[in-house]
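1. Build me a model:
(2 chains)
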Amino acid sequence: MKNHLLLALLLLAAPVLSAQEVSVQGVVGQNNAYGWFGGAAVGLHYPVTRAFEADAGVEATSPGVCSFTVTVRPVFTLPYGSLFLEGTFHSEVYACYRNVLFVSAASVGYRMPYLTAQLGVSTRILGGLEKRWSSTDDYVVEPFDVLYRVAFQVRPPESRWNLGGGVGNFTRFHYERSMQPIFFLDGTADVGHNLRVLAELDLRPTGMYHLTAYWYGFSLYAGVAYRFGK
Amino acid sequence: MRKICFIAGLILLGACNKYDIPGLFVASSPSSDKRFEASVAYNDAEGYPSVVIPTEDYTFYAATDIHVYHSTRNLDKFIADLSADTGSAPFWINLGDIVDGKDQMKVFDEHVKAAPQRMFGTPGNHDLYFGQWKQWQELYHTSSYWFEALLPSGAKDLYLCLDSAGSTLGHRQRAWAEEVLTAARGEYRHIIVFTHTHFFRKDWSQETTSNWSQEETMALTGLFSRCGVSMVLTGHDHFQERTTYMGVQYAVLQSLKDGTPDPGYTRCEVGDQITLTLVPIDIP
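-> Numbering: from 1, shown residues only, chains lettered A, B, ... in the order given. Below is the predicted model:
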């Protein structure tokens, strides 16, 4: 029994300990589906090589929703800026509603010192938790949607602090349909050599694209990121 | 350059009569919560209607996205067909977007009054443009309500109208819907929800118009499944689509708008099962 527990702890710790950067954030928010909610999010960053990196993240929130994201990202350094490709698998388990969402996405992006733009496609599958995969009655496929994100920063990336913002239809822990944009503001500040403070505010309207824009909700993330090594 | 600005200005002016451009940033009609409060005030005063159906199996008609804009050709054909079917249920359902542009709601109302069947309607996003919620309220009083179809055997069907014109139910309407559906579970032969905005984005036939947020999609589809809803009728997309998800049938109905490809209305046959049939409008 003791050995099983140790093995389980090692298996859980392995992805965290092998990451170069670990971020832990609290989240608080409000929206028309959940009302007020809170939760926590953990992000891991793996710079595998200079030209390839990966991210993973998990978020759990009080209504009973858990999301997982895994992203792989080849990066091509250019004379000015860098081009990157991104492949993502994302899942949101809505235990409270007894259903689940799977999103797979592929995109291309261009990163400059003050601006990053990303454009791609996604496919989503909505399923019931009691689904029978042999029947098409328990899941819905939305085969093709657009993924986009434009982000700006006021200072160069290597600065000790930075502010930024932008608009897109996805964040690290949430992938929306293309007609539900998410406006965000974010900031970072380095505290010492390895520690960074992070914050992000996501603002979400609904109905914009059919000319009846109303408030839908917001999420506020705040936490720290720790970079291992020198 | 001047010519380009002039043409752009004309286009914008034309668009402004049909499309509420400031609605891209802020809708001109009150929020979901405010519209719901007004609806509840009316419902509390007037109660919830019942419709007596003389047969266990019955037929009713539904039409959506009629978009009246100085033309009511398809609407008039539908009303004529509806009036001629004296064996159908004494009600029909309208799923919103009854008008395009300003000052058309009373035109719509005058034309539908010709049918003997009572109309139960829900507003669409176009019906909120230019602050027209006020007109909706004057004509139809409520946008969140339910009614019962009473059958000879003593059984009942529940029809629940949800206002999704702003592509969200808002807090209060959502809590109310949960309360109504939870109480209704097991009490009705069928529970049929009707609302404007459709739930799934399986194709790009709706082009760039919004539907629900992901969380609200999951919350409401989970609620409908848990409470045994038989069918959800929606519009907004303009092109019919049938989906079954978590044991609930979701039907997007074809648009009745003049000038659209393949316009039609839907004949709904309710018995042990619910069967929908598109009736095309074919006016030369």
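2. wait, what's in contact with residue A:51?
-> Residues near residue A:51 by C-beta atoms under 8 Å, 6 or more residues apart in numbering or on different chains: A:74, A:75, A:76, A:77. Heads up, the C-betas are built off the backbone N, CA and C, glycines and all.
3. Stretch B:276-284: how far from the chain's middle?
-> 18 Å (C-alpha atoms, centre = their mean, to the nearest Å).
4. still on that earlier bit, name the member of the contacts of residue A:51 that has the highest neighbour count.
-> residue A:75 (18 neighbours; other C-beta atoms under 10 Å in any protein chain shown).
5. Now do the helices in the chain.
-> All of this refers to chain A. A:2-17 (DSSP state H).
6. other chain: chain B
-> B:2-18, B:32-46, B:73-84, B:105-112, B:125-128, B:133-140, B:170-184, B:214-226.
7. ok, and the closest non-adjacent residue to the residue in chain A positioned nearest to chain B?
-> Per C-beta to the nearest C-beta, residue A:97 is where chain A lies closest to chain B, at 2.9 Å. Spatial nearest neighbour of residue A:97, chain neighbours left out: residue B:222 (2.9 Å); criterion: C-beta to C-beta, 6 or more residues apart in numbering or on different chains.
8. Was I right to think residue A:88 contacts residue A:102?
-> No. The criterion here is C-beta atoms under 8 Å, and residue A:88 misses it with residue A:102 at 11.1 Å.
9. Going by how many neighbours each has, rank those two and give me the top one.
-> residue A:88 (21 against 18).
10. And that one, what's its pLDDT?
-> We have a pLDDT of 97 for residue A:88.
11. For it, which residues are in contact?
-> Per C-beta under 8 Å, 6+ apart, neighbours of residue A:88: A:69, A:70, A:71, A:72, A:103, A:104, A:105, A:106, A:107, A:175.
12. still on that earlier bit, report the contact partners of the residue nearest to residue A:97.
-> Applying C-beta under 8 Å, 6+ apart to residue B:222 gives the contacts A:94, A:96, A:97, A:98, A:99, B:246.
13. check contacts around residue B:30.
-> By C-beta under 8 Å, 6+ apart, residue B:30 lies in contact with B:38, B:133.
14. And for the one 4 residues further on?
-> Residues in contact with residue B:34, defined by C-beta under 8 Å, 6+ apart, are absent; none qualify.
15. What is the burial count for residue 50?
-> If you meant another chain, say so; for now it's chain A. With other C-beta under 10 Å as criterion, residue A:50 counts 8.
16. You answered for a different chain; I wanted chain B.
-> 11.
17. Likewise for residue A:100?
-> Counted with other C-beta under 10 Å, residue A:100 comes out at 19.
18. likewise the one 5 residues further on?
-> In terms of burial, residue A:105 registers 21 neighbours under the definition other C-beta under 10 Å.
19. Next: the one 10 residues further on.
-> Residue A:115 sits with 14 neighbouring residues when counted by other C-beta under 10 Å.
20. Would you mind giving me the confidence score for it?
-> The predicted local confidence for residue A:115 is 97.
21. Would you mind naming the residues that bridge with the closest residue to it other than its chain neighbours?
-> Spatially, and ignoring its direct neighbours in sequence, residue A:115 is nearest to residue A:152 (5.2 Å; C-beta to C-beta, 6+ apart). Assessed by DSSP bridges, residue A:152 has beta-bridge partners residue A:115, residue A:165.
22. ok, now which ones touch residue A:152?
-> With contact taken as C-beta under 8 Å, 6+ apart, residue A:152 is in contact with A:114, A:115, A:116, A:164, A:165, A:166.
23. so what's the nearest residue to the first one once chain neighbours are set aside up against?
-> Spelled out, it's residue A:114. Sequence neighbours aside, residue A:153 is the residue nearest to residue A:114 in space, at 5.5 Å (criterion: C-beta to C-beta, 6+ apart). Applying C-beta under 8 Å, 6+ apart to residue A:153 gives the contacts A:113, A:114, A:115, A:162, A:163, A:164.
24. who does residue A:104 bridge with?
-> As for beta bridges, residue A:104 partners with residue A:89, residue A:123 under DSSP bridges.
25. Let me know whether it touches residue A:89 as I believe.
-> Yes. Using C-beta under 8 Å, residue A:104 is in contact with residue A:89, at 5.5 Å.
26. Next one, pLDDT for residue 214 please.
-> This is for chain A. 95.
27. ah, I was thinking of chain B
-> 95.
28. quick one, what contacts it?
-> A:92, A:101, A:174, A:175, A:176, A:177, A:180.
29. Which members of the contacts of residue A:88 are classed as buried?
-> Among those, those classed as buried by 16 or more other C-beta atoms under 10 Å in any protein chain shown are A:69, A:71, A:72, A:103, A:105, A:107, A:175.
30. show me the contacts for residue 147.
-> No chain was given, so I picked chain A. Applying C-beta under 8 Å, 6+ apart, the residues near residue A:147 are A:105, A:107, A:118, A:119, A:120, A:121, A:122, A:168, A:169, A:170, A:175, A:178.
31. Switch to chain B, please.
-> B:48, B:49, B:50, B:51, B:91, B:120, B:158, B:159, B:161.
32. can you put those residues in JSON lines and add distance to residue B:179?
-> Below are those laid out as JSON lines (distance: C-beta to C-beta, whole Å):
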{"residue": "B:48", "distance to residue B:179": "13"}
{"residue": "B:49", "distance to residue B:179": "19"}
{"residue": "B:50", "distance to residue B:179": "19"}
{"residue": "B:51", "distance to residue B:179": "22"}
{"residue": "B:91", "distance to residue B:179": "24"}
{"residue": "B:120", "distance to residue B:179": "20"}
{"residue": "B:158", "distance to residue B:179": "13"}
{"residue": "B:159", "distance to residue B:179": "16"}
{"residue": "B:161", "distance to residue B:179": "15"}
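33. Name the member of those residues that has the highest neighbour count.
-> Most surrounded of the contacts of residue B:147: other C-beta under 10 Å gives residue B:161, at 24 neighbours.
34. Look up the pLDDT of it for me, please.
-> pLDDT, residue B:161: 98.
35. Find the residue closest to residue A:44 in space, skipping its chain neighbours.
-> Closest to residue A:44 by C-beta to C-beta, 6+ apart is residue A:19, at 4.0 Å.
36. Give me the helix or strand of chain B that scores worst on average pLDDT.
-> helix B:2-18 (a mean of 64; mean pLDDT, DSSP states H and E).
37. For chain A, which residue occupies the most central location?
-> residue A:172 (0.9 Å; C-alpha atoms, centre = their mean).
38. Run through the residues that contact it.
-> Neighbour list for residue A:172: A:41, A:43, A:55, A:57, A:69 [criterion: C-beta under 8 Å, 6+ apart].
39. quick one: which of those is nearest residue A:214?
-> Distance to residue A:214 across the contacts of residue A:172 (C-beta to C-beta) is lowest for residue A:41, with 26.5 Å.
40. Verify the contact between the closest one and residue A:22 for me.
-> No. In this structure residue A:41 lies outside contact range of residue A:22 using C-beta under 8 Å: 11.4 Å.
41. Of the two, give the one with the bigger neighbour count.
-> Higher neighbour count among residue A:41 and residue A:22: residue A:41, with 21 against 17, using other C-beta under 10 Å.
42. List the beta-bridge partners for the closest residue to that one other than its chain neighbours.
-> Using C-beta to C-beta, 6+ apart and skipping the chain neighbours, the partner closest in space to residue A:41 is residue A:59 (4.0 Å). Beta-bridge partners of residue A:59, counted by DSSP bridges, are residue A:41, residue A:67.
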